[in-house]
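>>> Give the three-dimensional model of this entry:
(chains A and B)
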Amino acid sequence: MTSQLSSVFKLLADGFSYPGGENLSPEFFKAVKELARDCGLQTGTMDYGSQELQEEYTRLFINAPGGVAAPPYASVYVAGQGLLMQEGHAQAQEFYSRAGLQLADGQEPADFLPLELAFTAVLLERGDLVLLSEFLEKHLWRWFQVFERRVEASGPHPYYSLLVRLTLFYLNKLKEEVFDETT
Amino acid sequence: MKRRRFLKLSASACAALAALELKGTGMFRPAAASTGGSTDLPGSLGAKDIPSVCEMCFWRCPIVGKVKNGKLVKIEGNPKSPANDTRVCARGNSGIQLLYDPDRLKYPMKRTGKRGEGKWARISWDEALDEVAHNMKKVVDKHGPHALAYFDHGASAEFMRGVFKALGTENYTNEPAFFQCVGPAALAFIKSMGYITSGTRQYVDMKNAKAILLVASHIGENVHVSHVKEYMEGLDNGAKLVVVDPRFSAPAGKADIYLPIRPGTDTALLLAWMNFIIENGLYDKDFVKNHCTGFDDVKAAVKKCTIEWAAPICDLKAEDMKRAIITLADARPHVAIHPGRHATWYGKGDTSRHQALAILASLFGAVGVPGGLYFPTPVKKAHSECAECGGEPETPDKSIQEDYYPFASMFGSPTSKIIKASRTGDPYPVKLWGINGVNILQTIPNPYHTMEAINKLDFIFCEEILPTETAMWSDIVLPGATYLERFDAVYTYDLLTPYITVRQPMVKSMFETRSSYWIAGQLAKRLGMDCFQRKNIKEIVEEELQGAGLTLESLDKKGGLVPLKANPYRERKDLKFNTDSGKIALSVEDYADEDLDPVPKFIPTPAPPKGFARLIYGRVPVHTFSRTMNNSWLHNEWPENELWLNDEAASKMGLKDGDEVVLENQDGKKSLPIKLKVTPGIRPDVVYMAHGYGCRSKMLTKAFEKGASDQFVITRYENDPFMGASSHRTNFVRIIKGTKVMDIPDLCPLPPQLPRFQLKKGHTAKTGGGK
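Residues are numbered from 1 along each chain as shown, chains lettered A, B, ... in the order given. Down below sits the predicted model:
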């Protein structure tokens, strides 16, 4: 089962990457839709154009008037520092290092949400539930809740609203099923 | 442990997932051994030291970055530096807050909404560069090369300047640094003394001076570490300080003699002082006779400019003016006549005012001596030139660079004329702007004209670090790496404590930001140019260092900096200036050849109309223009500016310290709201605010609408007739509180020689507003 969940987190990692190519394909949207159905979340037709999602991704996560709704970096949330590459970043790096991993390319900071979701997928794939439980409890699940509220508060495009809710759903499931039991 | 009840996916979800090729685990690889400093120790302890050069302002102090685990944790002054040693200023300390600002530009962007709206989508570097190159070619094909214009600032903007130049536009540079700032001062000293006594840096030996003259130089409010340090050492050593300023500035607070001059009359004061020292024999006759030309012209020109003539014009007491000039004369030749820096005040007369400062220094023999103006020490390095960008573009029949102002071409194309050509097509249409390292909407007078011009362009792009107003108005935004993430040219410092050093990256550049060299090179390639042939800028740095007998490795071993021996002074017998005569030109024939005054003349600038005060501006020590306003530490230190208003005027208007007001200028343009600082430390006929505030880019979350921008009420400007710089102190404001438009009382009677500015007919009070 963990390998199925691993695929879910890989999908979420791609979903929170900039829209372009594979993550704009009908197959990708179909998978998101199927997962949403599994979770009891409503979806529309999901007939989205690339420009509308790219503009929205830019507004929500990159640069926007009024500041981006929710910077997708742990560092901004952990310890309330509002700055990149601080404690939240160090935490992410520390977890990767404990898993014997480093980033394949260093373009994005280690605490970039898609990387953290992909890391979750790696731990699920490896079945390393002890480290996963700690990673979620001390790090990802904590800041993701604030992130999710900020995205939802910004009047997001239904697709990104769905993606944050879907992610929260699976993180909550993991919380119930992994770290509530391992601790 | 209970048996886990893992969530099961539906068969259709599994099938849908299985059909995808997800990146997932490919984002990671097995960890290599750590190369960073130790993370066991707190703070910057155990960090790796990387020497480099600051760029929080253009003074560029040598610094050391403390790097741990690929992360910059602290910045200090480079202890090897003889100029700033371990010191950095507040801004230098705060570079990390720029590097890690979540608001910074991260990827190339294309505009998807209206210009200025801030609606963007991320694009790839290929798409961004293709788009820029395509539009450059299209504009050149349709309108010719001169339809391209480049606004640039800073060393790293030079690479892209080469691209514009190679495309053949005469408008390959119009640096706001010259046309909005130091141009008139630079020209005056080049023509009088044969070298750029005031450009990026000022060659004035305040450290060894017995007296210092500052004419509206606000040292300490604008902080350039070694400059402030030498100024303070000079004062510690007992130098007398004379400060001329309509406002009781930080240096006024340290002055032995403070002259609260009427704005726009500084040249009258300087001419009267020249007259006084000539009439009273208080000048250096030997120096003037042997090392200057044109003394008789100066003597004749100032003949009628007595202290008594100047006193009512300058609104100063004659005895204070005399006391000040005697204090300066007594210290000759060890008297530091500060050449000034920001000189674009009134348009007419700006070059002349700085020429007058050059003459005053010369009359004191205060050149090439300790305590006076001194010579740069040439620092040997190789120059890495590109042949393709080396040639000068052809001048068109009607030329922006050549036709308006005789000495503009020494600095490029006057900014105001580029904007006019873009708005009106006169003398020819300018259709594409490239902008690099300068936030044009918070720098150039009349931003409303600038926005109008942008709306008429076929295309506009910028290279930027933060999403400034300029980025908001651009079609394509190219994200530049900060000074902490890139190599740049080799830096040499040729002042009293010379050295050679180099800027190098402390950390890997974040996101998809790129160095200016890379960006210019990629653009050149797409335009079919043979420029930027070296693999990367590191090769250029190595090549330049080779000329100094160094390599990056050997420089690093020496702490990243090599101090050199200074050669600032000359024996009088060895004095030789880089002018036609080899002497200082007190009277400048080149000016006369262009029907301009060869010696300075007092040209009155119109005084404020009744009910208005002149708007002047300055700096705060923790900010560099509008560049640093979004920096969290610096924002925290000084989040907004205040409007200084004379206490007597305020009391007559019923205004109190801390009241929030809006300014309305002579053209009916209003500022953002700003709080009053009511003080006796400013004349009643001027109001003052620090520049750089009042950000209008909604993308800068900390800076947006904090304080008011002087620039948005500086709509009226005149051009310096010598080199075409645009004036900034030719605007008049009154105050709006709530919905009430208030006249500023006229407490400084005008002598008949000084005209008042005439408001446009039908100018009426407007009420309310503020945005």
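
>>> Would you mind extracting the C-alpha trace of stretch B:249-256 into CSV?
The C-alpha coordinates for stretch B:249-256 follow below in CSV (Å, rounded to 0.1, in the frame of the first residue of the first chain):
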residue,chain,number,x,y,z
SER,B,249,21.4,67.9,8.3
ALA,B,250,23.6,65.4,10.2
PRO,B,251,26.8,67.2,9.2
ALA,B,252,25.2,70.6,10.0
GLY,B,253,25.0,69.2,13.5
LYS,B,254,28.8,68.8,13.6
ALA,B,255,29.6,72.1,11.9
ASP,B,256,31.7,74.9,13.3
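
>>> Could you check how many residues crowd around residue 71?
Using chain A. Residues near residue A:71, counting by other Cβ atoms under 10 Å in any protein chain shown, number 22. All C-beta atoms are positioned from the backbone trio N, CA, C, and that covers glycine.

>>> I was thinking of chain B, sorry if that wasn't clear
24.

>>> How much space separates the spatially closest residue to it that is not a sequence neighbour from residue B:464?
Using Cβ to Cβ, 6 or more residues apart in numbering or on different chains and skipping residues adjacent in sequence, the residue nearest residue B:71 is residue A:85, 5.4 Å away. Remark: distance between residue A:85 and residue B:464 (Cβ to Cβ, to the nearest Å) = 20 Å.

>>> Could you do residue A:141 as well?
36 Å.

>>> And those two? Which one has more around it.
Using other Cβ under 10 Å, the more surrounded residue of residue A:141 and residue B:464 is residue B:464, with 23 against 18.

>>> The residue nearest to residue A:2 when sequence neighbours are not counted - how many residues pack around it?
Distance criterion Cβ to Cβ, 6+ apart; nearest residue to residue A:2, sequence neighbours excluded, is residue A:124 at 4.6 Å. Number of residues near residue A:124 (other Cβ under 10 Å) recorded here: 24.

>>> can you give me how far the helix or strand containing residue A:124 is from the chain middle?
Using DSSP states H and E, residue A:124 sits in helix A:113-126. Distance of helix A:113-126 from its chain centroid, counting by Cα atoms, centre = their mean, to the nearest Å, is 9 Å.

>>> Would you mind listing the buried residues in that helix?
Across helix A:113-126, burial judged by 16 or more other Cβ atoms under 10 Å in any protein chain shown covers A:113-125.

>>> can you redo these as JSON lines with pLDDT and distance to residue B:73?
Formatted as JSON lines, the buried residues of helix A:113-126 follow (pLDDT from 0 to 100; distance: Cβ to Cβ, whole Å):
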{"residue": "A:113", "pLDDT": "98", "distance to residue B:73": "24"}
{"residue": "A:114", "pLDDT": "97", "distance to residue B:73": "26"}
{"residue": "A:115", "pLDDT": "97", "distance to residue B:73": "22"}
{"residue": "A:116", "pLDDT": "98", "distance to residue B:73": "22"}
{"residue": "A:117", "pLDDT": "97", "distance to residue B:73": "27"}
{"residue": "A:118", "pLDDT": "96", "distance to residue B:73": "27"}
{"residue": "A:119", "pLDDT": "97", "distance to residue B:73": "24"}
{"residue": "A:120", "pLDDT": "96", "distance to residue B:73": "28"}
{"residue": "A:121", "pLDDT": "95", "distance to residue B:73": "31"}
{"residue": "A:122", "pLDDT": "95", "distance to residue B:73": "28"}
{"residue": "A:123", "pLDDT": "95", "distance to residue B:73": "29"}
{"residue": "A:124", "pLDDT": "94", "distance to residue B:73": "33"}
{"residue": "A:125", "pLDDT": "93", "distance to residue B:73": "34"}
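
>>> from those, which single one is nearest residue B:444?
Of all the buried residues of helix A:113-126, the one with the least separation from residue B:444 (Cβ to Cβ) is residue A:113, at 39.6 Å.

>>> Just want the angle from the longest helix along chain A to helix A:113-126.
Determined from DSSP state H, the single longest helix within chain A is helix A:158-174. Computed by axes from the mean of the first three to the mean of the last three Cα atoms, to 10 degrees, the angle separating helix A:158-174 from helix A:113-126 equals 40 degrees.

>>> For chain A, give me the ranges with low pLDDT.
A:1, A:179-183 (pLDDT under 70).

>>> in it, which spans are strands?
A:101-103 (DSSP state E).

>>> where along chain A do the helices fall?
In chain A, the segments counted as helices under DSSP H are A:2-15, A:26-39, A:50-57, A:74-77, A:87-98, A:113-126, A:129-135, A:141-153, A:158-174, A:180-182.

>>> which outside residues touch the fourth one?
Judged by Cβ atoms under 8 Å, 6 or more residues apart in numbering or on different chains, the contacts made with helix A:74-77 from elsewhere in the structure are A:81-89, A:91-92, A:109, A:111, A:113, A:116, A:139-140, A:142-143, A:146-147, B:100, B:102.

>>> and it, C-alpha only, in CSV?
Presented in CSV, the C-alpha positions along helix A:74-77 are these (Å, rounded to 0.1, in the frame of the first residue of the first chain):
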residue,chain,number,x,y,z
ALA,A,74,8.9,25.8,4.6
SER,A,75,11.4,28.5,5.7
VAL,A,76,8.8,31.2,5.3
TYR,A,77,6.6,29.5,7.9
